[in-house]
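A.B. asks: task: produce atomic coordinates for the following.
(chains A and B)
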Amino acid sequence: MNQLSGLNTLRNGPDGRGRFGDYGGRFVAETLMPLILQVEQAYLAARADPAFRQELDAYLKHYVGRPSALWFAERLTRHLGGAKIYFKRDELNHTGSHKANNCMGQILLAKRMGKTRIIAETGAGQHGVATATMCALFGLPCTVYMGATDVERQKPNVFRMKLLGAEVKPVTSGASTLKDAMNEALRDWVANVEDTYYLIGTVAGPHPYPMMVRDFQSVIGEEAKVQLREAEGRLPDAAVACIGGGSNAMGLFHPFLDDPSVRLIGVEAGGHGIETGEHAASLTGGRPGVLHGNRTYLLQDEDGQIIEAHSISAGLDYPGIGPEHSWLHDTGRVEYVSATDEEALAAFQLCTRTEGIIPALEPAHALAHVTKLAPTLGKDQIILMNLCGRGDKDIFTVAEHLGVRL
Amino acid sequence: MSRIAARFAALKREGRGGLIPFIEAYDPDAATSLALLRGMPEAGADLIELGIPFTDPMADGPIVQAAGKRALSAGVRVDHILGMVREFRREDDSTPIILMGYLNPVLSYGTERFCADAAEAGVDGLIMVDLPTEEADMLIPHAAANGIDVVRLVAPTTDTKRLPLVLENSSGFIYYVSITGITGTRSTTAEHLGEAIPRIRRVSDLPIAVGFGVRSPAQAAEAVRVADAAVVGSALCSTIAANLGKPDLVQRLLEQVRQLADGVRGARVHA
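C.D. replies: Predicted structure coming up:
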């Protein structure tokens, strides 16, 4: 069970306690503990059941639209003048982001467990929309917790969720953003343990969520590996993804963890710059602690109080990170860097004009790093980037930053 | 004998249940909070729970959340809270103090150093809401080495099979979370307690305190008819919220503690 005892693999974590090295675990109130154990048991049984896999694969293919395409970004490659750049196009999924992969997996699990009500937290609204979508598909009532600040800045997604039949509950505690939405969802769950399933959107939270969400997202890296082999006959030299909680990055990285020739690079949100203190880079600017059920790197003050994150991208605006990333950071297998709001905005525009793809502000952070990395690599080298979401939701934010009135 | 064990033994001799008021340290400010703490034993508090405020209190309802926010705005830090207990101990060496909160401020302070400093300040027990038995080994050895009890939480969702595991190596007393929910939102019932408390007694001889669903003197009385003590938190935090800036805040809060204590003390005057 322990990843250190598994010979030459970094892929068999977490251990029996839900730990990746020192990170992860189950730090929840006793009221939730029996439920968390139930979810773990149900998930392990589902994972071992070929019928579950078959059902999930069918929905992923016919409803979500998998496999997503692998696109050689030729004009961007020429523009940057270095390595060949490939996009894994998870923005083409139904609902417009990689979030659908995980929501589909978990909703099938919730049904299997006989749960009749779904709750979720959301920041930018991508996970909320994906959850509301699956709930509409399966006829389950859905409540989405969203920070009041985010409700205000992500109005289109709020309306989409409501159209899909979800109840959107604005959260006014704390700073009214993603971490507060997660607190509120946990409070709801503790009060409705009998019938409710909490559909967490990222690779954080108490065990088994970090493992389970990673498993559901690993389809990204698995597909990309096969597709790139078909296109180029080999592995990429580097794989790059943005990180808020870290689900799209974990999904891309995990299938490559045991391929030492592949550099894995996670890009955190640098906000106004790490030196300003206004950022969302938990690994670069934080230290280990416990929040939302797991031990991981957190933005916190010297007394252990959680500090608000800042990012132009509401989806990266979270003061923590999935525990497996913390472990991969400490072991050095994955490099973690950051990109600022400004760099992400520039990459957003570059991608739109050279490739005709409007990326979400989240993967625009990954692209910002690719624009720095590609010119330093040879033309025979390959960068694989996860384009994990489309940018329709962000046009208002971008317009505002460009001084355009819509 | 620890202060906690001594106090419960005394309550048993007197044949009555105990009252455990809860306030957040530094709510609404350092001086008021210390005055509340100091006044509580005389008002009828048998043990006291002092909250370590945290930015993300996931098991608390809006009332305790607001109390924590006021305390954080007042600049509270973990070392201030230990200082407050040290001050309290200058006048009172018998009323047990239990610190209640979330793990991260303690981790950040350093669990080992925290347990040593807390014991030195006069803290008797710890309740860490987000530290279930499965993770408790990161705290218990340090607490035990310093004579501090780590009080375990038992919830309505803790089934009979899980109960012995939850109570393994527990000490001090047991905290029964009497509702499935967050603090200050629902009330427990006599029927529920009548079923739940004996179920715990079959597994452990430790005293049992009931909290999360107890607001009024009548409810506190109801709780100690089957349990050994009642914890009242949100109701007191509401009183602080309603009397902010008023000169008689301390007096009003202690009056409420007195009424709760009367309720608890009168509870078993029957047959």
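A.B. asks: ok, for the residue in chain A positioned nearest to chain B, nearest residue in space, not its chain neighbours?
C.D. replies: Here chain A gets closest to chain B at one residue, residue A:304, 2.8 Å apart by Cβ to the nearest Cβ. For the C-beta atoms, the positions are set from N, CA and C on the backbone; glycine is no exception. Closest residue in space to residue A:304, ignoring its immediate chain neighbours: residue B:108 at 2.8 Å, by Cβ to Cβ, 6 or more residues apart in numbering or on different chains.
A.B. asks: contacts only, for the one you found.
C.D. replies: By Cβ atoms under 8 Å, 6 or more residues apart in numbering or on different chains, residue B:108 lies in contact with A:289, A:300, A:302-304, B:78.
A.B. asks: quick check, nearest of those to residue A:148?
C.D. replies: residue A:300 (22.9 Å; Cβ to Cβ).
A.B. asks: okay, and the beta partners of that closest one?
C.D. replies: residue A:306 (DSSP bridges).
A.B. asks: contacts only, for residue 170.
C.D. replies: Reading this off chain A. By Cβ under 8 Å, 6+ apart, the contact set of residue A:170 is A:146-148, A:151, A:176.
A.B. asks: ah, no, chain B please
C.D. replies: By Cβ under 8 Å, 6+ apart, the contact list for residue B:170 reads B:150-152, B:204, B:206.
A.B. asks: most neighbours among those, which one?
C.D. replies: The most crowded member of these, judged by other Cβ atoms under 10 Å in any protein chain shown, is residue B:152 (26 neighbours).
A.B. asks: which residues does the stretch of helix or strand residue A:249 belongs to contact?
C.D. replies: Taking DSSP states H and E as the criterion, the element that holds residue A:249 is helix A:247-253. Helix A:247-253 is contacted from outside by A:88, A:90, A:98-99, A:101-102, A:201-203, A:213-214, A:216-221, A:224, A:239, A:241-243, A:264, A:266, A:322, A:324-325, A:328, A:334, A:362-363, A:384, A:386, A:388-389, using Cβ under 8 Å, 6+ apart.
A.B. asks: quick check: phi and psi at residue 113.
C.D. replies: No chain was given, so I picked chain A. Torsion angles at residue A:113 (phi, psi; degrees, to the nearest 10) stand at phi -80, psi 0.
A.B. asks: right idea, wrong chain: chain B
C.D. replies: Per degrees, to the nearest 10, the backbone of residue B:113 is at phi -60, psi -40.
A.B. asks: gap between it and residue B:106?
C.D. replies: Relative to residue B:106, residue B:113 is positioned 10 Å away (Cβ to Cβ, to the nearest Å).
A.B. asks: now the residue most central in space within chain A, nearest residue through space, not along the chain?
C.D. replies: Most central in chain A under Cα atoms, centre = their mean is residue A:247, positioned 2.8 Å from the mean C-alpha point. Counting by Cβ to Cβ, 6+ apart, residue A:247 lies nearest to residue A:202, which is 4.4 Å off, once chain neighbours are set aside.
A.B. asks: now do the contacts for that neighbour.
C.D. replies: Contacts for residue A:202 (Cβ under 8 Å, 6+ apart) come out as A:127, A:213, A:244-247, A:318, A:322.
A.B. asks: so which of the residues you listed is the most crowded?
C.D. replies: Counting by other Cβ under 10 Å, top hit in these: residue A:246 with 35 neighbours.
A.B. asks: from chain B, which residue is nearest to chain A?
C.D. replies: Residue nearest to chain A within chain B: residue B:108 (2.8 Å; Cβ to the nearest Cβ).
A.B. asks: what is the mean pLDDT for stretch B:242-249?
C.D. replies: Averaging pLDDT along stretch B:242-249 gives 97.
A.B. asks: buried sites along it?
C.D. replies: Neighbour counts over stretch B:242-249 (16 or more other Cβ atoms under 10 Å in any protein chain shown) mark B:243, B:249 as buried.
A.B. asks: just send the contacts of residue B:170 back as a markdown table, with pLDDT too.
C.D. replies: Listed next are the contacts of residue B:170 as a markdown table, based on pLDDT from 0 to 100:
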| residue | pLDDT |
| --- | --- |
| B:150 | 96 |
| B:151 | 97 |
| B:152 | 96 |
| B:204 | 96 |
| B:206 | 98 |
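A.B. asks: could you pull out the strands for the stretch 201-350 of chain A?
C.D. replies: Applying DSSP state E, counting those that start in this stretch to the stretch 201-350 of chain A gives strands spanning A:238-243, A:263-271, A:287-291, A:293-298, A:334-340.
A.B. asks: adding distance to chain B and mean neighbour count as columns, could you present those strands in a markdown table?
C.D. replies: Below are the strands of the stretch 201-350 of chain A laid out as a markdown table (distance: least, Cβ to the nearest Cβ, whole Å; neighbours: other Cβ atoms under 10 Å in any protein chain shown):
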| stretch | distance to chain B | mean neighbour count |
| --- | --- | --- |
| strand A:238-243 | 20 | 30 |
| strand A:263-271 | 19 | 26 |
| strand A:287-291 | 5 | 22 |
| strand A:293-298 | 7 | 28 |
| strand A:334-340 | 22 | 22 |
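A.B. asks: what residues are up against the closest residue to residue B:76 other than its chain neighbours?
C.D. replies: Distances taken as Cβ to Cβ, 6+ apart place residue B:26 nearest to residue B:76, at 3.6 Å, with adjacent residues excluded. By Cβ under 8 Å, 6+ apart, the contact set of residue B:26 is B:33, B:53, B:70-71, B:74-76, B:80-81, B:84.
A.B. asks: please enumerate residues in contact with stretch B:176-188?
C.D. replies: Contact with stretch B:176-188 is made by A:29-31, A:187, A:190-193, B:59-64, B:153-157, B:192-193, B:196-197, B:200, B:208-215, B:219, B:223, B:227, B:233-235, B:237-238, as judged by Cβ under 8 Å, 6+ apart.
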